[in-house]
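Enquirer: need a structure here:
(2 chains)
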Number of protein chains: 2
Amino acid sequence: MSILVVGSVAFDSVKTPFGQAQDILGGAASFFSVAASFFSQVNMVAVIGEDFPAEHLELYRKHSIDLRGLQTSPGKTFRWVAEYGQALNEAKTLETHLNVFENFLPEIPEEYKNTEYVFLANIDPVLQKKVMTQVANPRFVACDTMNYWITSKLKELNETLELVDILVINDQEARMLAQEPNLIKAAKVIQQMGPKILVVKKGEYGVSLFTEESIFSAPAFPLEMVYDPTGAGDTFAGGFVGFLAKAEKLDEATLRKAVIYGSVMASFACEDFSLNRLDCLTSPEIRERYRQFLKLTAFEPDQIF
Amino acid sequence: MSILVVGSVAFDSVKTPFGQAQDILGGAASFFSVAASFFSQVNMVAVIGEDFPAEHLELYRKHSIDLRGLQTSPGKTFRWVAEYGQALNEAKTLETHLNVFENFLPEIPEEYKNTEYVFLANIDPVLQKKVMTQVANPRFVACDTMNYWITSKLKELNETLELVDILVINDQEARMLAQEPNLIKAAKVIQQMGPKILVVKKGEYGVSLFTEESIFSAPAFPLEMVYDPTGAGDTFAGGFVGFLAKAEKLDEATLRKAVIYGSVMASFACEDFSLNRLDCLTSPEIRERYRQFLKLTAFEPDQIF
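Expert: This is a model prediction of the structure:
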């Protein structure tokens, strides 16, 4: 089954305590697409500038990502400059140059309109809603957003959320969106807004999944070396949605597996800059880390107490 | 099997977004002892002032806590005044009055000297080491400490850690003690210092257990209402050590169960001020929450990808 993703492609310049890199490939659509491509076929809708090199297009094609929805506009590609401190849990944005992304109007190619699964990466909720008018009855729609849109376009975001089945955001955004500091209560508020399934990302502390039935919590995979956490959240979403599209099911057990596959992919993304680690990843490595996750979290029912 | 705990008894005055309470029973030894008492017999060594009311002694006795090591000194009991913000993850200390705790010299009663399990709550590492000279060959020694001692008495703390089997501290303290921001690397550094088993508490984000064999990560139990997180860490230690003492084993599977029992007890402690919730807790409630933890964290091996 195939997935439509609409989001950003960017050049990132990133400095971490372990090194730095200039104008490396990034953007939510890039991380999502490559991660999801291990599980399902991906159709990408995004915009790049005239400065976008052929080698990056080759990287997408190597992962069978359909690029018929990738527009090239006059001007430069979106650029983001950021720095991480020792804790590595939050990027400090130093510069944002929207460039061609500023006037991005997602156009869904005819061939994409019947895509079964949709992921609306973090873009203006007005554009997210416009995407929804161009697709025919997908099996589910998953969506990301950020504090900027919660603050500046809450009404529009609410209209988009009514059309969304799965919301994938971080814990601070969940609290902000629901205006409720307690996460369980916040999840209930958000479920009333539209998405019946809520995935709350907590960075190095893992992920919680809220369905109407239950709560599932998974830790992040412990890494001895985190080079660059940029894109980890989008990579999580790629593994999560990618696996769901492959499984073609949305039951509790499948959703939980999808959370683990998302966490597996995110952990790999952190092991190098840009998409370097994801690009050379193999399916056996993914399966092996999934098994390591089982060991990491396993404990037995108790008969002693 | 019985447990010796050496630590503080205090009166806490706490303000949270959900209410406030004055001069309520607190202190590491109180939370630890009551939590551990559900699993094993507890012998307490601590100091109280002349102002300590009989009703609190009754509470300890109700949980069969042996008080022959509880000294009464001239003066007032240790007092702590603190406030929590909306996030509830960190207390802001407003006042600390050590009172009789300032000159606390732990004396281990003759009857306690053969206690099989020892927990050194967060006190001056010099005193923790003095306790160790007074006990005869315990099966294991677990220990807590804090940033204050890591900064001010590192040499003394290192001497104590050489005698310790299990260290139970929070993630910031682990990073500070090892002088290493990455937790896996920090755990390896700390294991070289003495304790072969390290339990790292992350508050609302759960707990990680580092042994020489493996890493285990468990989330915190999600609570819809956290009234007061005071004492949650000591309560965790009480459930953790209490279960290990009951199980009389220290293998991987037992340690993991102990982490979950610790997390179960900590979650209950947060549901009310002081020891109010722990005091009226029942064993079936503890077992039921352990089962809920299994559901919270369960996911299956995957055959789809």
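Enquirer: residues contacting stretch A:168-178, please?
Expert: A:142-147, A:150-151, A:157, A:181, A:183, A:185-187, A:189-190, A:193, A:198-203, A:233, A:236-237, A:240 (Cβ atoms under 8 Å, 6 or more residues apart in numbering or on different chains). Backbone N, C-alpha and C define where each C-beta goes, glycine included.
Enquirer: what separates residue A:245 from residue A:37, distance-wise?
Expert: Note on residue A:245: its distance to residue A:37, by Cβ to Cβ, to the nearest Å, is 11 Å.
Enquirer: neighbour-wise, which of these two wins?
Expert: For residue A:245 versus residue A:37, the count of surrounding residues by other Cβ atoms under 10 Å in any protein chain shown is larger for residue A:245: 24 against 20.
Enquirer: the more buried one: what's it in contact with?
Expert: A:1-3, A:36, A:39-40, A:116-117.
Enquirer: select only the buried ones of those residues in ChimeraX?
Expert: Buried residues within the contacts of residue A:245, by 16 or more other Cβ atoms under 10 Å in any protein chain shown, are selected in ChimeraX with:
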select /A:3,36,39,40,116,117
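Enquirer: let's have the contacts of residue A:245 in a markdown table, adding pLDDT and distance to residue B:110.
Expert: Listed next are the contacts of residue A:245 as a markdown table, based on pLDDT from 0 to 100; distance: Cβ to Cβ, whole Å:
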| residue | pLDDT | distance to residue B:110 |
| --- | --- | --- |
| A:1 | 86 | 72 |
| A:2 | 96 | 75 |
| A:3 | 98 | 71 |
| A:36 | 98 | 67 |
| A:39 | 98 | 66 |
| A:40 | 98 | 70 |
| A:116 | 96 | 74 |
| A:117 | 98 | 70 |
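Enquirer: pick the one among the contacts of residue A:245 closest to residue B:303.
Expert: residue A:39 (14.0 Å; Cβ to Cβ).
Enquirer: now, among the contacts of residue A:245, which is nearest to chain B?
Expert: The shortest gap between chain B and any of the contacts of residue A:245 belongs to residue A:39, at 6.3 Å (Cβ to the nearest Cβ).
Enquirer: and for the closest one, nearest residue in space, chain neighbours not counted?
Expert: Take residue A:39 and drop its neighbours on the chain: the residue closest to it by Cβ to Cβ, 6 or more residues apart in numbering or on different chains is residue A:242, 3.3 Å away.
Enquirer: equivalent analysis for residue A:199, please.
Expert: Nearest to residue A:199 is residue A:168, by Cβ to Cβ, 6+ apart, at 4.4 Å.
Enquirer: direction included, what does whichever helix or strand the one you found is part of pair against?
Expert: Using DSSP states H and E, residue A:168 sits within strand A:166-170. Counting by DSSP bridges, the strands paired with strand A:166-170 are strand A:140-143 (parallel), strand A:197-201 (parallel).
Enquirer: any residue of the longest helix anywhere in chain A touching chain B?
Expert: Longest helix in chain A, counting residues (DSSP state H): helix A:252-269. Yes. Helix A:252-269 reaches chain B (Cβ under 8 Å from any Cβ of the partner chain) through A:253-254, A:256-257, A:259-261.
Enquirer: and of those residues, the nearest to chain B?
Expert: For the residues of helix A:252-269 next to chain B, the nearest to chain B is residue A:256 (4.0 Å; Cβ to the nearest Cβ).
Enquirer: do you know the pLDDT at residue A:89?
Expert: pLDDT, residue A:89: 75.
Enquirer: where does it fall, phi/psi-wise?
Expert: phi -90, psi -10 (degrees, to the nearest 10).
Enquirer: residue contacts, the closest residue to it other than its chain neighbours?
Expert: Nearest residue to residue A:89, sequence neighbours excluded (Cβ to Cβ, 6+ apart): residue A:203, at 5.0 Å. Counting by Cβ under 8 Å, 6+ apart, residue A:203 touches A:89-90, A:170, A:220, A:229, A:232.
Enquirer: average pLDDT for stretch A:258-267?
Expert: In the prediction, stretch A:258-267 has an average pLDDT of 98.
Enquirer: buried stuff in it?
Expert: Result for stretch A:258-267 [16+ other Cβ under 10 Å]: buried residues A:258-267.
Enquirer: ok, stretch A:82-101 next?
Expert: Across stretch A:82-101, burial judged by 16+ other Cβ under 10 Å covers A:82, A:84, A:88, A:91, A:99-101.
Enquirer: how about the residues of the stretch 1-150 of chain A near chain B?
Expert: A:17, A:39, A:86-88.
Enquirer: identify the farthest-apart pair in the residues you listed.
Expert: Farthest pair in those (Cβ to Cβ) is A:39 and A:86. Separation: 33.7 Å.
Enquirer: can you pull out the strands in the stretch 101-250 of chain A?
Expert: A:117-120, A:140-143, A:166-170, A:197-201, A:207-210, A:215-218 (DSSP state E, counting those that start in this stretch).
Enquirer: note down every partner strand of the fifth one and its orientation.
Expert: Yep, that's strand A:207-210 we're talking about. strand A:197-201 (antiparallel), strand A:215-218 (antiparallel).
Enquirer: looking at those, which one is packed in the most?
Expert: strand A:197-201 (a mean of 25; mean count of other Cβ atoms under 10 Å in any protein chain shown).
Enquirer: okay, angle between that one and helix A:252-269 too, please.
Expert: In terms of direction (axes from the mean of the first three to the mean of the last three Cα atoms, to 10 degrees), strand A:197-201 departs from helix A:252-269 by 30 degrees.
Enquirer: centre of the chain to strand A:197-201, how far?
Expert: Here strand A:197-201 shows a centroid-to-chain-centroid distance of 11 Å under the convention Cα atoms, centre = their mean, to the nearest Å.
Enquirer: could I get the average pLDDT for it?
Expert: 98.
Enquirer: identify all contacting residues around it.
Expert: A:165-171, A:174, A:183, A:187, A:190-191, A:207-211, A:233, A:236, A:240, A:250, A:255, A:259, A:262.
Enquirer: then it to CSV, C-alphas only?
Expert: Written as CSV, here are the backbone C-alpha positions of strand A:197-201 (Å, rounded to 0.1, in the frame of the first residue of the first chain):
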residue,chain,number,x,y,z
ILE,A,197,-5.5,8.1,17.9
LEU,A,198,-2.8,10.3,19.5
VAL,A,199,0.9,9.6,19.5
VAL,A,200,2.9,11.8,21.9
LYS,A,201,6.6,11.9,21.3
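Enquirer: what separates the residue nearest to residue A:189 when sequence neighbours are not counted from chain B, distance-wise?
Expert: Closest residue to residue A:189 apart from its sequence neighbours, by Cβ to Cβ, 6+ apart: residue A:178 at 3.8 Å. Look at residue A:178 and chain B: by Cβ to the nearest Cβ, to the nearest Å, they are 13 Å apart.
Enquirer: quick one, grab the pLDDT at residue A:178.
Expert: Residue A:178 is assigned a pLDDT of 98 by the prediction.
Enquirer: what about it, how many residues nearby?
Expert: 21.
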